[in-house]
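Undergrad: how would this look folded up:
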Amino acid sequence: MYLADVTMFHAPDSGGVRTYLQAKHRHLATLPGVEASLLVPASERQTLGTLQTLPACRLPLGQGYRFPLRRRPWREALVELGPDLIEAGDPYVTAWAALEAGQQLGVPVVGFYHSDLPRLMGDRFGAPVARRLQRYVADLYGRFDSVLVPCRSMGERLADWGIEDIRVQPLGVDLDTFHPRRRNDQLRRTLGLSDTTRLLVFAGRNSKEKNVNHLLATAQRLGRGYHLLLMGPGMPTQVPDNVSVISRCCSPNEVARALANADAMIHAGTRETFGLVALEAMASGLPVVAARASALIENVPLGCGVLCEPHAPAAMARAVEELFLNDAAAIGRHARRHVERHYRWSKVIDGLLDHYRTLSPTTLAVSMDSEPAYVAKDGNAPASMLVTPCR
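TA: Numbering: from 1, shown residues only. Predicted coordinates for the structure are as follows:
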């Protein structure tokens, strides 16, 4: 089985998509009978092992992202690779190029809908823009052989737009990097915190949908006894006295150390398509206080934290206080076990490979031990491989 991923969502400061692709390709490299290539934009054309880059324009104020303008170079590069299956990870030029390459090669093409484009742009530019983008997304993703979404709520939105063959495909967590054993006293000493001060952490970029201003208002309401650490590019500099800021892109190891040394993770985002940082916090042994919205509803289950009213700092402050009226450390231990059971990268990617095999059983029927996977005489995959629709 030879797979090719293509996306523009791959930059030094990018988030969940890059994390997914890197973890995916690390795991695929350990499997017999499986090869994979990754095609992404850069300043020039290069081949570095299984990573291939094509030149593309750098987006101004785009956190290092580059935007391909022409389909042809991307289509030709994919055809030259000659994979058995292509996965497109963004809804722009590379997605159309992947569809054209798949048609030319006669192989299935999967579209991973990582971000809710109409909703994000509609928040910024209004309902007419959102409606136009909804029609565009429905047209584009209706052409793929299968559509992956990171959470059920997003799958339901696509199904409402008439898109079929949708599979909920969660992301995973690096359980070695994000681990409670990284806890020590250094971070608290650096921040000048007493042993009784509750340390709350949020890590991510400061974009509108993250509602960082609500986190600041929550910290102000909580007052002394609580301290909030914000980590990520573009964080505000004017903050309450009980808030510290690391306003830059932080490495996974740096985020993991901060999470392991905190008492809870706090997240006010209302447009999360997966909310990977919440699961990373849970893997670090932290309970999560989050807005009851988007994918956070699905990924912060009962017993792993507290969900509160969105866009309501007063409600979030009450949720934090209620959390610590209970055994927050025990909740964090339960959260770690939950992530271990459901979000280990190897389990996540093995499930994805099973789905790939259902799309083209003849071409992709290679099992984990290099023996052919069972394919029925009628060409259908066995029942255990079938995907339950999102509807």
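Undergrad: is it true that S115 touches T273?
TA: Yes - the criterion here is C-beta atoms under 8 Å, and S115 meets it with T273 at 5.7 Å. Backbone N, C-alpha and C define where each C-beta goes, glycine included.
Undergrad: neighbour-wise, which of those two wins?
TA: Each of S115 and T273 has its neighbours counted (other C-beta atoms under 10 Å); T273 has more, 21 against 17.
Undergrad: which strand of the chain spans the most residues?
TA: When the chain is scanned for its longest strand (criterion: DSSP state E), the result is strand 35-42.
Undergrad: what pairs with that strand, parallel or antiparallel?
TA: strand 2-6 (parallel), strand 51-55 (parallel) (DSSP bridges).
Undergrad: what separates the last one from the chain centre, distance-wise?
TA: In terms of C-alpha atoms, centre = their mean, to the nearest Å, the gap separating the centre of strand 51-55 from the centre of its chain is 22 Å.
Undergrad: now do the buried residues in it.
TA: Under the neighbour-count criterion of 16 or more other C-beta atoms under 10 Å, strand 51-55 has Q52, T53, L54 buried.
Undergrad: how's the protein carved up into domains?
TA: The chain breaks down into these domains under automatic domain parsing: 2-172+344-385, 180-342.
Undergrad: which stretch in the ones you listed has the least confidence?
TA: Note on the domains of the chain: domain 2-172+344-385 shows the lowest mean pLDDT, a mean of 87.
Undergrad: in stretch 253-273, what's buried?
TA: For stretch 253-273, the neighbour count (16+ other C-beta under 10 Å) marks 255-273 as buried.
Undergrad: please read the previous query as pertaining to stretch 184-192.
TA: L187, R188.
Undergrad: quick one: contacts of that stretch?
TA: Outside stretch 184-192, the residues that touch it by C-beta atoms under 8 Å, 6 or more residues apart in numbering are D195, T197, L199, H227, L229, S244, R257, A258, N261.
Undergrad: quick one: the helices in the stretch 201-350 of the chain, in order.
TA: Remark: helices assigned in the stretch 201-350 of the chain by DSSP state H, counting those that start in this stretch are 212-222, 252-260, 276-283, 294-299, 313-325, 328-342, 345-359.
Undergrad: what's the fifth one packed up against?
TA: Helices and strands in packing contact with helix 313-325 are listed as strand 198-203, helix 212-222, strand 264-267, strand 288-291, strand 305-308; criterion 3 or more C-beta pairs under 8 Å, 6 or more residues apart in numbering; DSSP states H and E.
Undergrad: for R75, which of these is the nearest?
TA: Judged by C-beta to C-beta, the one of the helices and strands packed on helix 313-325 that comes nearest to R75 is strand 198-203, at 36.8 Å.
Undergrad: show me what that closest one is packed up against.
TA: Applying 3+ C-beta pairs under 8 Å, 6+ apart, we find strand 198-203 packed against helix 186-191, helix 212-222, strand 226-231, helix 252-260, strand 264-267, helix 276-283, helix 313-325.
Undergrad: what comes into contact with the fifth one?
TA: Applying C-beta under 8 Å, 6+ apart, the set of residues contacting strand 264-267 from outside is 198-202, 215, 218, 228, 259, 275, 277-278, 281-282, 286-291, 296, 305, 316, 320, 323-324, 328, 332.
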